[in-house]
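> Next one to model:
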Amino acid sequence: MTEPDTQRALVRLEVEDEAGDEELDRLARRLRAELGELDVDVLAVAGDLPAGAKAADPVTIGSLVVAFSAAGGVFPGLLETLREWLGRQAGKHRIKVTVDGDTVELERATSAERQQLIDAFVRRHG
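Predicted coordinates for the structure are as follows:
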């Protein structure tokens, strides 16, 4: 995506305390695959390391940089996909999305609570 109206979001997956780095990496890769079906570009997965490199810390393993068009309603669709993905997971995980220094945290909440939070975030960045 090279259009001038492209925005970037840092998507950071945080897993429940019992899950280890391998579980975080597995979940982040599944999330990346699902985001790949949207009209966005996943620019980086911090956990992708070259052969022989030392393991990344848990913060970078679950981090994705996502580029999307500011026009056309892509951002609300991205947040909805993240919300739905999170709702399908068995663990008590959370996803933090940061755009222009503004962060929204998605976690297990009622559907209405999540929607209110997402709507407010979209109004600021959509």
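> longest strand anywhere in this structure?
Using DSSP state E to define each element, the chain has its longest strand at strand 6-14.
> Pairing partners for it, with directions?
Strand pairing for strand 6-14, using DSSP bridges, gives strand 63-69 (antiparallel), strand 94-99 (antiparallel).
> quick one: which of the ones you listed is nearest Ala19?
Counting by Cβ to Cβ, Ala19 lies closest to strand 94-99 out of the strands paired with strand 6-14; the figure is 11.8 Å. Placement of C-beta: from N, CA and C, glycine included.
> Flag every buried residue along that closest one.
95-97, 99 (16 or more other Cβ atoms under 10 Å).
> before we move on, what about stretch 9-27?
Neighbour-count burial for stretch 9-27 flags 9-15, 19, 23-25, 27 (criterion: 16+ other Cβ under 10 Å).
> What about the closest residue to Asp5 other than its chain neighbours, how many residues nearby?
In this structure, Asp5 finds its nearest non-sequential neighbour in Ala70, 4.3 Å apart by Cβ to Cβ, 6 or more residues apart in numbering. Using other Cβ atoms under 10 Å, Ala70 has 14 neighbouring residues.
> Quick check: Ala70 vs Leu78, distance?
The gap separating Ala70 from Leu78 is 11 Å, by Cβ to Cβ, to the nearest Å.
> now stretch 19-34, how far from the centre of its chain.
In terms of Cα atoms, centre = their mean, to the nearest Å, the centre of stretch 19-34 is found 11 Å from the chain centre.
> that older thread, with distance to Arg124 added, can I get the strands paired with strand 6-14 in a markdown table?
Converted to a markdown table, the strands paired with strand 6-14 look like this (distance: least, Cβ to Cβ, whole Å):
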| stretch | distance to Arg124 |
| --- | --- |
| strand 63-69 | 15 |
| strand 94-99 | 8 |
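> Any chance of a markdown table for these, columns distance to Arg123 and mean pLDDT?
Below are the strands paired with strand 6-14 laid out as a markdown table (distance: least, Cβ to Cβ, whole Å; pLDDT from 0 to 100):
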| stretch | distance to Arg123 | mean pLDDT |
| --- | --- | --- |
| strand 63-69 | 16 | 90 |
| strand 94-99 | 12 | 91 |
